[in-house]
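1. Just the structure for this:
(chains A and B, ligands or ions: 1)
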Amino acid sequence: MKISLNWLSEYINISKSPEEISQLLTMAGLEVNSLKKGNEFKGVVVGEVKECVKHPNADKLSLCKVDVGTEEELSIVCGASNVKAGLKVLVATVGTILPGNFKIKKAKIRGEESRGMICSEKELQLSDSHEGIMVLPEESEVGSPFSELFDTSDTLMELDLTPNRPDAMSHIGVARDLSAILNLDLLKPSVKLEESDVDASSEYSVEIEDKTGCPRFAVRIIKNIKIGKSPDWLSKRLNSVGIRSINNVVDASNYVLMEFGHPIHTFDMDKLSGNKISVRSSSKDEKVVTLDGVERKLREDTVLVCDDEKPVGIGGIMGLQNSEVTDETANLIIECAYFDPGKIRNSSKILGLYTEASKRFERGCDPNDIEFALDRVCSIIVEIAGGEVLKGIIDNYPSKIEKIKIQLRQKRINSVIGMEISESKVKDILNRLEFEVKSENKESIELLVPTFRPDVEREIDVIEEVARIIGYDNIPPSEHALIPLSTSLNNNESNNIKLKNMLVGFGFNEIYTNSLMPYELWELSGDNNSPVKVTNPISLDMECLRASLMPRMLEAVSYNFNRQRNSVMLFEDGNVIIPDDKSETGVKETHMIAAMIAGEVNPGNWLNRSRSADYFSLKGVVETFLKAIGFSTVTFTLFSNSSYRNAFTVIGDEIKLGFMGEISPTSLKVFDLEIAVYYFELEVDSLYTQMSKDIAFSEPSKYPSIMRDISFIVDDSLHSEELTAIITGAKTDLLKSYKITSVYKGSPLKDNEKSITYHLIFSSVERTLEEEEIDKICASIINVASDSLNANLRA
Amino acid sequence: MTLPNIVNLRKEFDSDLKNSNNSSSVEALRIKYLGRNGVISSLMESMKDLPNEEKPAFGKTVNDLKNYFTVNYDAALKKANSKNKSSPPPDFDHTLPGVELPLGRKHPLTIVWEEMLDIFTRMGFEVARGPEVETEYYNFSALNFPDNHPARDMQDTLYITDNTMLRTHTSPVQIRTMLSTTPPVRVIVPGRVYRNEAISARSYCVFNQIEGLYIDKGVSLADLKGTLISFAKQLLGSSVKTRFRASYFPFTEPSAEMDVSCIICDGKGCRVCKYTGWVELLGSGMVDPNVLRNVGYDPEVYSGFAWGLGIERTTMMKYGIKDIRFFYDGDLRILEQF
Ligand SMILES: [Zn+2]
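-> Residues are numbered from 1 along each chain as shown, chains lettered A, B, ... in the order given. Below is the predicted model:
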């Protein structure tokens, strides 16, 4: 919403600077986004393009001769496509300084002299439009300075309004808030309208078929007007808020719109057939041509304003071309109505048509200010376009929308705001905001809410009005904001921090990735059935919801490899989402923590050579991670998944926790990666469960432990876990731990043999162990291994 | 033994001492004079053969000699040792770099989230989490977004079906939390939210919010201010200034935006704060009675406040990061700075 400070000062006498005013409004909820002070643009004058030919040396440039009221016509090179002979334009003559310290100089452009510049609206800060040069009305006088056409002493405020405040979409509305904040009088314009003796209702009638879509429809008739140029005061006002002057009648209705906020539409009475206006719902596929010249196909349920034969306007959104006011118009029907916000919003959304009118109607206009708005616009039209106003308003308003009543309790105000506010102060504020006190007693007041405030429906809404006008900054913050309440930090959250700390300690860097992805990436998630999709995606690149953290992580690995990194270890923590018919939302969300290793795991240095990641690097991370969390056994079982070369289910203490594996070459190819990449993904909730278990503390033994190294020679194809099972299955409780310290192939072993060496540690908390008893245990292990696995002891 | 003998011993010691300039010769000195079979021991040994009246004088002389040896030996040992330390073997290049241990980093968004978690935990808040795919009821209706109201346009929604969507804010968790507990309620809610917005330096279709909710008897707007001012000071430093502006959210009434003084320019005005000296930190307000009623709380008995902020935006402000996409690229050159 654009507000001109000069215009605003017609309704309130403020002696504050633009900055102060904008600060006050911002704090009260009408956020001022920018302040633009007027610029005189000395040197910018009205010119007429007398001649316009193609530049001999440049296709897109034109060579113009422009009359700016001086003796000599100026030759100007212009790049806009809409420049042509006969146009009235604004010319920045040599010496003018435009915004951005851009000084206009005499120049040669591609060999042709140019003495000035024909300006666009943007260059003169009139709007953001730079679609070509700005074209002025024909009547504009050649040579007159910019400051005669535009109000240069003005300041323009751009308000970012929240959708609950339709009442602030006008100068009077903004002035009303200021009058409450500053406790100053609001000066509403007074209207004196002279009517003719002829009754309007004798000529015309209004019928409403669609009473929900249009609760009120009213018109006035003015006859024998003369369309023409608007007076300066009017076109300046409109220009100051970025609206172009069109003609006196259209300008008058735009003026009232910006002044008062209620949209008004004018019809050329002679283009309407019959003598009745009816308001009805559209039928399906009805076609109309709107004022902007676009043919539009309607759905059902759009409010249409019709004459006897045809639609003449889309109610509350835009008029139709067939009844437009033109230079020949002599008689006017002036409409001011109230349309249902929901209906306007629906129609405007379906049509993709958002207008100054629809923006106000969809937020809610005042159904009860229609008389005033009509009288105001008619009095201006009569003043500037002549004509006589027929007697009376033809008004169809079957059931009046009454003001809402609200009981406001003084005690409640104080308890919600947390500060004592006097009753008289409350009344002052509400009075300024045009709330009416209907009755009062000791505890409460009964209020009538003005119908231009559809956002105020309850006591709490009124309390907000009071708080907002007093200013939140004037409420003292409480010092005991927090009532002590013993709560412990959610364990899961501190466990989440621990999980991340561990991975960080292992050398992984945390990433956040986009959880929306194209189908081609989603497919890398593994063997899932179908993705959860967004029905209105921003683009197909962001259509599917992640079913695994892998695809985007692989993308991040490739991102870093493409930037000369040769060691990338990443992790991410987040939800994966798959379809689930049984859930309330139709999806199942699982919280996962995932990590990826690619390239060197131990980057080389001058002491040690680097080592590339392999399956055992990944497995080592998973084992260390899970054991640190508290799982005592971690096992891996092979399964098949098309996105992985080898995939393993990860099981901790017999609970399935997730999976890990090496990314398949086809998946790597998507990102042109030529290194091996390893990945694991674990369910966080299962990890939390394990982490919340108590730690079973045991005292270390006071007695020395005994160590043994045993090397077995076994068949090449034997998996170590079989041998390990024999060791851990030994009938003893003295074996405290074991570790594989070497695996060897080669001479002097046979080709189909390998040796595996175990380091065993024995101890007891009760006594010192005897060498002999340990020898006996080892011997029995060796025997079992020899019997069942054909394993021999290596000499 | 006679005294001249002792004088000679001193002379001999002095000359040995002169030659003791490394730790092994110093050790040899100790063995020769102070060792178990050294000079002092044998002198003490010989004392038993002397007549009794000579013993005290002899004893004193030997003792003096022993002190002389000990003092000089200690000094020589110290000197030898210090010499040892200052001269490592010539081939030891201590200027080569040490062996680096791998250490990862947490993402800046996690760092800031954990900081906020810490602050609110100390104020007695618990954490609640909720799903990213929500129903229309939790995301809009229960939060007092009227059907067909422009307020729904404030958040461009990504739909999964007609009735389910990617949550546009973490506020649905307020509803879920209140439905499952009785007051007092004091929770913070972190999580991903989604908006139908093109990706640019200032906006990303996915971002992280943190939301807070506090419901009890007699909670007022003044309590909201006290809590949030304290939060801002803990997060951004005690010198940060705050202000509250009236605003509009369907689920709070009154509603307020909280601005903090720009930490880039210290409130003097710069490009980041659009020369206002203020930057918006969070949106907040008193929970709307309709919302309380929707979860079965009596608004005449209970009141409370809620607030929400974008972790990305706060992190950008805190570290002076200008492009939100940095957070989602996984670029190690960026991540390793935190
Ligand atoms: Zn700043």
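2. roughly how far is stretch A:177-191 from the heart of the chain?
-> Its chain's average C-alpha position is 35 Å from that of stretch A:177-191, according to CA atoms, centre = their mean, to the nearest Å.
3. let me fix that: stretch A:109-129
-> Remark: stretch A:109-129 is offset 35 Å from the chain centroid, using CA atoms, centre = their mean.
4. Please apply the same query to stretch A:116-134.
-> With CA atoms, centre = their mean, you get 30 Å for stretch A:116-134.
5. Need the distance between the two termini of that stretch.
-> Length of stretch A:116-134, first residue to last, CA to CA, to the nearest Å: 15 Å.
6. just stretch A:332-346 next, same as before
-> One end of stretch A:332-346 to the other measures 30 Å (CA to CA).
7. So it, near chain B or not?
-> Yes. Contact of stretch A:332-346 with chain B (CB under 8 Å from any CB of the partner chain) involves A:341-342, A:345-346. Just so you know, the C-beta spots here come from the backbone N, C-alpha and C atoms, and that holds for glycine as well.
8. quick one: which of those is nearest to residue A:443?
-> residue A:341 (34.2 Å; CB to CB).
9. thought that closest one was touching residue A:364?
-> Yes. Shown here, residue A:341 and residue A:364 form a contact pair, counting by CB atoms under 8 Å, at 4.9 Å.
10. one step back: can you tell me which of the residues of stretch A:332-346 next to chain B are in helices?
-> A:341-342, A:345-346 (DSSP state H).
11. What is the nearest of those residues to the ion?
-> Closest to the ion out of those is residue A:345 (37.5 Å), distances taken as CB to the ion.
12. For that closest one, the count of nearby residues, please.
-> By other CB atoms under 10 Å in any protein chain shown, 22 other residues sit near residue A:345.
13. Just give the nearest non-adjacent residue to it, would you?
-> Leaving aside its chain neighbours, residue A:345 sits nearest to residue A:362 (4.0 Å; criterion: CB to CB, 6 or more residues apart in numbering or on different chains).
14. Now residue B:279: phi and psi?
-> phi -130, psi 140 (degrees, to the nearest 10).
15. what's the answer for residue A:706, then?
-> Backbone geometry at residue A:706, expressed as degrees, to the nearest 10, gives phi -120, psi 140.
16. Can you give me the distance of it to chain B?
-> From residue A:706 over to chain B the distance is 33 Å, taken as CB to the nearest CB, to the nearest Å.
17. returning to that earlier point: list the contacts for the residue nearest to residue A:345?
-> Contact partners of residue A:362, counting by CB atoms under 8 Å, 6 or more residues apart in numbering or on different chains, are A:341-342, A:344-345, A:348, B:150.
18. Kindly report the same for residue A:55.
-> Counting by CB under 8 Å, 6+ apart, residue A:55 has contacts A:61-63, A:77, A:109-110, A:112.
19. Take those and write them to a markdown table, including pLDDT, neighbour count and secondary structure.
-> Converted to a markdown table, the contacts of residue A:55 look like this (pLDDT from 0 to 100; neighbours: other CB atoms under 10 Å in any protein chain shown; DSSP: H, G, I helix; E, B strand; the rest coil):
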| residue | pLDDT | neighbour count | secondary structure |
| --- | --- | --- | --- |
| A:61 | 87 | 19 | coil |
| A:62 | 88 | 21 | strand |
| A:63 | 90 | 21 | strand |
| A:77 | 90 | 22 | strand |
| A:109 | 84 | 16 | strand |
| A:110 | 84 | 12 | coil |
| A:112 | 85 | 16 | strand |
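20. before we move on, back to that, which one of the residues of stretch A:332-346 next to chain B sits closest to residue A:510?
-> Nearest to residue A:510 among these, counting by CB to CB, is residue A:345 at 43.0 Å.
21. show me the contacts for the closest one.
-> Per CB under 8 Å, 6+ apart, neighbours of residue A:345: A:358, A:362, B:148-150.
22. ok, the residues you listed vs the ion, which is closest?
-> Closest to the ion, out of all of the contacts of residue A:345 and judged by CB to the ion, is residue B:150, at 31.3 Å.
23. what does the model give that closest one for pLDDT?
-> Looking at residue B:150, its pLDDT stands at 69.
24. What segments of chain B are strands?
-> With strands called from DSSP state E, chain B shows them at B:126-127, B:133-135, B:164-166, B:185-194, B:206-217, B:242-249, B:252-261, B:278-287, B:302-310.
25. Mind giving me the packing neighbours of the shortest one?
-> The reference is to strand B:126-127. Other helices and strands packing on strand B:126-127, by 3 or more CB pairs under 8 Å, 6 or more residues apart in numbering or on different chains; DSSP states H and E, are strand B:185-194.
26. between the strand it packs on and strand B:278-287, how many degrees?
-> Interaxial angle of strand B:185-194 relative to strand B:278-287 (axes from the mean of the first three to the mean of the last three CA atoms, to 10 degrees): 120 degrees.
27. So for strand B:185-194, mean pLDDT?
-> pLDDT averaged over strand B:185-194 gives 94.
28. Alpha carbons of that strand, as PDB, please.
-> C-alpha atoms of strand B:185-194 as PDB (Å, rounded to 0.1, in the frame of the first residue of the first chain):
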ATOM      1  CA  VAL B 185       3.300 -26.400  29.000                       C
ATOM      2  CA  ARG B 186       6.700 -25.200  28.200                       C
ATOM      3  CA  VAL B 187       8.300 -26.500  25.000                       C
ATOM      4  CA  ILE B 188      10.500 -25.600  22.200                       C
ATOM      5  CA  VAL B 189      10.100 -27.200  18.800                       C
ATOM      6  CA  PRO B 190      12.900 -27.500  16.300                       C
ATOM      7  CA  GLY B 191      12.400 -28.800  12.800                       C
ATOM      8  CA  ARG B 192      12.300 -28.600   9.000                       C
ATOM      9  CA  VAL B 193       9.600 -26.600   7.400                       C
ATOM     10  CA  TYR B 194       8.800 -26.100   3.700                       C
END
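29. That one and chain A, are they touching?
-> Yes. Figure legend: strand B:185-194 in contact with chain A (CB under 8 Å from any CB); contacting residues B:186, B:192, B:194.
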